[in-house]
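J.: coordinates only, no sequence provided:
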């Protein structure tokens, strides 16, 4: 477990990850049998190609602007907005501007 994400402490997730020029950065916050929470940053133009997941996933935009396509439907999200990506439905993410997000996936 990364000491950066101390249990019982107040955390500002947007400040706990930096942007990388031309890249994507991820940091695992928590992981156990129930699921995982991962913090991401995407530089402008970066993204995750279309894929599916076996479980629902919650994406919270912490900073910037992202286009998230769910089942062919494009959504534009900005800081403070959240979307639930349903299990077994294709989705993709694209950084229209640099953005940071918190991804929560619960198994079962």
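T.: Cool, the structure landed. Quantities reported herein were computed from a predicted structural model and do not represent experimental measurements. Numbers count the residues shown, from 1 in each chain.
J.: every contact and neighbour count from this point should use C-alpha atoms.
T.: Fine.
J.: just the strands in this structure please.
T.: Counting by DSSP state E, the chain has strands at residues 24-32, 35-42, 47-51, 57-70, 73-78, 82-85, 91-106.
J.: Throw those strands into JSON lines and include mean neighbour count, distance to residue 12 and mean pLDDT, thanks.
T.: Shown next, in JSON lines, are these (neighbours: other Cα atoms under 10 Å; distance: least, Cα to Cα, whole Å; pLDDT from 0 to 100):
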{"stretch": "strand 24-32", "mean neighbour count": "15", "distance to residue 12": "12", "mean pLDDT": "96"}
{"stretch": "strand 35-42", "mean neighbour count": "20", "distance to residue 12": "11", "mean pLDDT": "96"}
{"stretch": "strand 47-51", "mean neighbour count": "14", "distance to residue 12": "23", "mean pLDDT": "95"}
{"stretch": "strand 57-70", "mean neighbour count": "21", "distance to residue 12": "10", "mean pLDDT": "98"}
{"stretch": "strand 73-78", "mean neighbour count": "14", "distance to residue 12": "17", "mean pLDDT": "98"}
{"stretch": "strand 82-85", "mean neighbour count": "16", "distance to residue 12": "17", "mean pLDDT": "97"}
{"stretch": "strand 91-106", "mean neighbour count": "21", "distance to residue 12": "11", "mean pLDDT": "96"}
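J.: how many neighbours does residue 9 have?
T.: By other Cα atoms under 10 Å, 7 other residues sit near residue 9.
J.: ok, the closest residue to residue 27 other than its chain neighbours to residue 73 distance?
T.: Counting by Cα to Cα, 6 or more residues apart in numbering, residue 39 is the residue found nearest to residue 27 once chain neighbours are left out, at 5.1 Å. Noted for residue 39: a distance of 24 Å to residue 73, by Cα to Cα, to the nearest Å.
J.: also residue 18?
T.: Counting by Cα to Cα - residue 18 and residue 73 are separated by 29 Å.
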